[in-house]
Each structure stands twice: as structure tokens, then as C-alpha cells.
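Engineer: predicted coordinates and the sequence they were generated for:
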Amino acid sequence: MGLKIIYPGLYSTIQDQGRTEGMPQGIPISGAMDLNLYKFANSVLNNSEQSACIEFYQQGLKIHFEAPTFICVAALGAEIILNETQVEPNCILKVTAGDQLSIKELKTGSWGYIAVKDGFDSASFLGSQSFYKALTAHQLQKEDKVDFKPYDGETGGESTQLDLTYYETSVLEVFRGPEYHKLSQTLKYQLIHAEFSVSTSQNRMAYQIQERLENELDEIVTGPVLPGTVQYTPGGKMIILMRDAQVTGGYPRILQLSEKAINILSQLRAKSKFTFNLIEINS
Amino acid sequence: MTHQPHIFQYNETSILIRFDEEINENLLRFLLQIKNNIAQKYNKQTLQVINTYDSLLIIYRSTISNFYEAENELLDQIKGVNVSNKLDSAVKKIPVCYEEDFGWDLNFLSSQLKLSKSEIIEKHSDRIYTVYLIGFLPGFPYLGGLDSSLFQRRKSEPRSKIPAGSVGIADQQTGIYPTDSPGGWQIIGRTPIQLFDTNRPKNYCQLQPGDKIQFESISKDEFEYIQSKTKS
């Protein structure tokens, strides 16, 4: 019992907070691209923090409910139609069997979340349901069924306001990466003072930066990387690793985004401008 | 030998230890010993410890509130390490079929390296390799110990799909694709063994850093036989 996917959108998956083991075996951490928005969706329904949600991309998706529950559609700006009525994002909605939920193309932000009461059920590997090819299903497809426990209680939780000011910035907090000290003074200056933009190459593994900075660093011995690591390629391209990043890499690691900066960046669309603000960790 | 660590806070919850040294098995043994000690002694504070050729990444359960305290704990661990003389693992045999259907780049390597195909196969299956790390893909082992006459750069254009089990060469390393994946390694054969299998929850990743392996040349008939037995 649960729901059926009518139209899956471009990149819909099941996500939770990701895996806390498996990296030594080459398994990415994965998890929701925007953990802040994911956590908000679950908190509205009084769910546990690891309750799996459906994550959808800019194109939205369409689903058909086959059981009753309460849901929260978390998104920065979304037009949501429940049956024929327009409803609000970021609040509690009651659904019953037969209801059709349609999320139109997002106007702002890149990733949204559908939480249901007590989370979706799906195959779990190493303590997480997060989709990753080679471990679980890859993406949600048309006609796929996603299970959840039917719930017909009186209320679904307590509506709280999503703090949108979290996203009202184009400044990404970064720490020095392991190879930052190898950069010339000029490059360090440019990194901190130049305005950059997100390229069209963005997916769950990485977001690329449109602008290039002339590179003078050699590749490094393959070393560990994490979501939020800014890699610097020989061609001067900068690649910001995201949640499905590989666990090792051979490009110099010049900056590291804070957890908050990863969430904010995940919602920036192609061509969005941003700057880096270099800070000390724990400042 | 004294090892000089560079200890660096990587993000809110992680610390990177890097040794600026030549990559070899001594360094690997030393890293794996520290990795084990940290995983045991700080089991409650840490989530996972990842090793590469010259580094360890330690991911803690919560935000590191006092880096210098954590750094000193790690320094104590590094100082107290007693490295055993050898990696005490038995050599695992991995069957590989080097025949035409699977050894896609053998002809290319043969002309580049000025070796016959049978010489390449012999040199590749003669050596005992060490698993240095698992990276790139779930379960992908980076194997050190390749005969220097087989060193070859990656392909300039990666292939869009390399089948699971493919054995490849890239620079000074050899490795095995555990799952279908795009990739740029020079492909010389394929193993019927499933190195990575989520249906084996306790042993989903067959190879671990420090393991010793050797490739055993098999025929296509043997390949198909082993595959039919393991895929049931």
C-alpha cells in the first residue's frame, strides 16, 4: 500500500540522510541533496530524522495515492495541485486513496521533498534507503509503486514555518581544502573576490562552476573526498562534489563547503551567481 | 622509521591525516594499523575511517568541538602503532578470462608495449598484487604491484559502459570493475566472480585494503561454467 508514480519527472529518487558506513568499500554517503529542506519536511510530520522521502528535481512529478496518510511537500517555490485544487507547499496535507498530487515545474530552487507520515518503505542497504545505482533502484520510474504505512489519524503533526531566509544568500561558507595552501596569492585572491556561477552541469554527484581560473596545480595522489569538496581540474575547471560523490579523487581539493553551504548550493539553478566566503571551521 | 603526519580538519566532522611519503606497502601497513586502532579505540566517537595510498580520513559522529584535542589523540595513536612485518593475508585467487571477447584492449596494448598478447597475460597473472584502497565505484579495488612493462595510460576517451568483472590497467595500477560502469581503463580480461554483491549483506565487498590477490588465466568455457555456478 502506498502510492503510484504517474509521471516521475527527470530525477526522482528515495532519499534519507544517507549512509554512515561503506565509504571504505567505495560507497558514497548519498542522502538528500538539501538536508535542511528534507529535515523540515519530516519535522512537520513529527517523523524521525531518517524517515525516507521522495526527492524530486526541477520538473516536478505526478503521483496517485492508494492509501490515506498526511504528507508535506517541501519546496522553495512550487505550484502543487491536489486533485483539482491548488495547495500550499511546506505544510501538512491530508490525502486519501484515489487522490492525485501534481507538482508543476519548480519556479525557484532545484530539489523538493515529499514526506509521508512515518516515511516511505523501500529496500535499505547499510542502514539507508537512499537510491544509488549498484546498491538499490536507480530512479523512480513511471508506474513504480512506493509503499508507506496507511495512516488515518486525526492530525499529521504541527505545521511550522519554513525559514526561507536560510536560502536568501548567494554567499557560500567555505573552509580551506587540503591543497589550498598550494595556490598562488593571486588565485587565493580571485577565489575569494570573484563572482562565480553554477553551470548547466549539475546532478547528484557534482555541480560544476561555469568560470575557469587558470590552473597551476598538478594532480594529487588519489585521496579521500567528501560532499562539498571543491576540486580543481588541470583545465582550470572547478567541480563541487555533491551527495553522491565518489569517495576518492585525484584533483587538488582547494576548498570545502560547510554543511549549510552544500544545502544552499544544491538549490541554486544553472547561471545563478555566488561568491565564496572563506571562514575558519567552527567559527 | 618515523612517519611525519599532516593532520588537517577537513570539515565540521572530519579530520584528514596525510603522510608526505613514497607510496609503498610499508606505508599501507602503517595506515591500516592506525585505521584499525582508531576504529577500535574511538568506536563510539567515529563513524568511518577511509584509507587511500597516503591518507586516512576520519569521520566523527558529531561536530569536532576541539580540534587540538582530537589532533593529540590521533598523534598518540600514530606514535603507538606497532607495524607487523607483513600483511598476513592469504593470497586470494581471482580467475580471469583474457580471451578476445573480454580483453578488449589486448591488441592495442600489444602494439603499444611491444609485447605479445600471451606475454602480457603471463606478466599480468604472474604477480601477486596488494589491494591499496577501494574507491571510484563501490567495491573497485586499486591494486599495486603491476609489472612496469605493463604500465599504460588510461584511454583518452572513456567508454560509456564497461561490464562488471572487467579487469583493467591504468598507469601503474590494475583493477577490477565490480559493476557495469563508464570507464577509461585499458581492458585486458574479465572475471566471472562477483566481487561486489549487495545480496551478501555480511560480505558484500569481497576485497579489502591489505588483501593479496593473484589472477589465474582461465578459458572461456571455464568462465561460463563459474559464472553459471555463481549466478544461481
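Structural biologist: Yes, it's here.

Engineer: check contacts around B:Ile64.
Structural biologist: B:Ile64 makes contact with A:Ile281, A:Asn282, B:Gln9, B:Glu12, B:Thr13, B:Ser14, B:Ile15, B:Ala70, according to Cβ atoms under 8 Å, 6 or more residues apart in numbering or on different chains. In this view, the C-beta of every residue, glycine as well, is placed from N, C-alpha and C.

Engineer: from one end of stretch B:53-66 to the other, what's the distance?
Structural biologist: End-to-end distance of stretch B:53-66 (Cα to Cα, to the nearest Å): 27 Å.

Engineer: likewise for stretch A:253-265?
Structural biologist: Start-to-end span of stretch A:253-265 (Cα to Cα) is 18 Å.

Engineer: what's the answer for stretch B:119-138, then?
Structural biologist: Rule used - Cα to Cα; the end-to-end distance of stretch B:119-138 is 31 Å.

Engineer: kindly report the same for stretch A:92-104.
Structural biologist: Distance between the two ends of stretch A:92-104: 18 Å, counting by Cα to Cα.

Engineer: what sits up against it?
Structural biologist: So stretch A:92-104 is contacted by A:6, A:9, A:44-45, A:56, A:60-73, A:75, A:78-83, A:87, A:112, A:114, A:155-159 (Cβ under 8 Å, 6+ apart).

Engineer: what residues are up against the residue nearest to the spatial centre of chain A?
Structural biologist: Residue closest to the average C-alpha location in chain A (Cα atoms, centre = their mean): A:Met33, at 1.2 Å. A:Met33 makes contacts with A:Gln15, A:Glu55, A:Ser110, A:Trp111, A:Arg204, A:Met242, A:Arg243, A:Asn263, A:Ser266, as judged by Cβ under 8 Å, 6+ apart.

Engineer: looking at chain A, which residue ends up farthest from its center?
Structural biologist: By Cα atoms, centre = their mean, chain A has its most distant residue from the centre at A:Gln185, 33.3 Å.

Engineer: model confidence at that residue, what's the number?
Structural biologist: Among the per-residue scores, A:Gln185 holds a pLDDT of 95.

Engineer: show the backbone phi and psi for it.
Structural biologist: In terms of degrees, to the nearest 10, the main-chain angles of A:Gln185 are phi -60, psi -40.

Engineer: domain map for the chain?
Structural biologist: Chain wasn't specified; assuming chain A. What the record gives for chain A is the domain set A:2-162, A:169-278, from automatic domain parsing.

Engineer: to clarify, I was referring to chain B.
Structural biologist: What automatic domain parsing lists as the domains of chain B is B:5-79, B:91-230.

Engineer: is the last one up against chain A anywhere?
Structural biologist: Yes - part of domain B:91-230 sits near chain A under the criterion Cβ under 8 Å from any Cβ of the partner chain, namely B:133-140, B:142, B:178-179, B:196, B:198, B:201, B:204-205, B:208-209.

Engineer: go ahead and confirm A:Arg176 touches A:Phe276.
Structural biologist: No - judged on Cβ atoms under 8 Å, A:Arg176 makes no contact with A:Phe276 at a distance of 10.9 Å.

Engineer: okay, and the common contacts of those two?
Structural biologist: Common contacts of A:Arg176 and A:Phe276 (Cβ under 8 Å, 6+ apart): A:Leu255.

Engineer: that older thread, among the contacts of stretch A:92-104, name the buried ones.
Structural biologist: Taking 16 or more other Cβ atoms under 10 Å in any protein chain shown as the criterion, what is buried in these is A:9, A:44-45, A:56, A:60-63, A:65-73, A:75, A:78, A:80, A:82, A:112, A:114, A:156-157.

Engineer: backbone dihedrals for B:Asp126, please?
Structural biologist: Note on B:Asp126: its backbone torsions stand at phi -80, psi -30 [degrees, to the nearest 10].

Engineer: and it, how many residues sit next to it?
Structural biologist: When neighbours are defined as other Cβ atoms under 10 Å in any protein chain shown, B:Asp126 has 11 of them.

Engineer: B:Leu146 is in contact with that one, correct?
Structural biologist: No - B:Asp126 is beyond contact range of B:Leu146, at 10.8 Å (criterion: Cβ under 8 Å).

Engineer: adjacent strands (with direction) for the helix or strand encompassing A:Ser199?
Structural biologist: Using DSSP states H and E, A:Ser199 sits within strand A:196-202. Strand A:196-202 pairs in its sheet with strand A:206-209 (antiparallel), strand A:273-278 (antiparallel), by DSSP bridges.

Engineer: now, of these, which is deepest in the fold?
Structural biologist: Highest mean neighbour count of the strands paired with strand A:196-202: strand A:206-209, a mean of 19 (counted as mean count of other Cβ atoms under 10 Å in any protein chain shown).

Engineer: show residues contacting that strand.
Structural biologist: In contact with strand A:206-209 (Cβ under 8 Å, 6+ apart) are residues A:196-199, A:201-202, A:237-242, A:245, A:265-266, A:268.

Engineer: next: stretch A:171-187.
Structural biologist: A:188, A:191, A:213, A:216-217, A:220, A:223, A:229-230, A:232, A:252-258, A:260-261, A:264-265, A:274-281, B:8-11, B:16, B:18.
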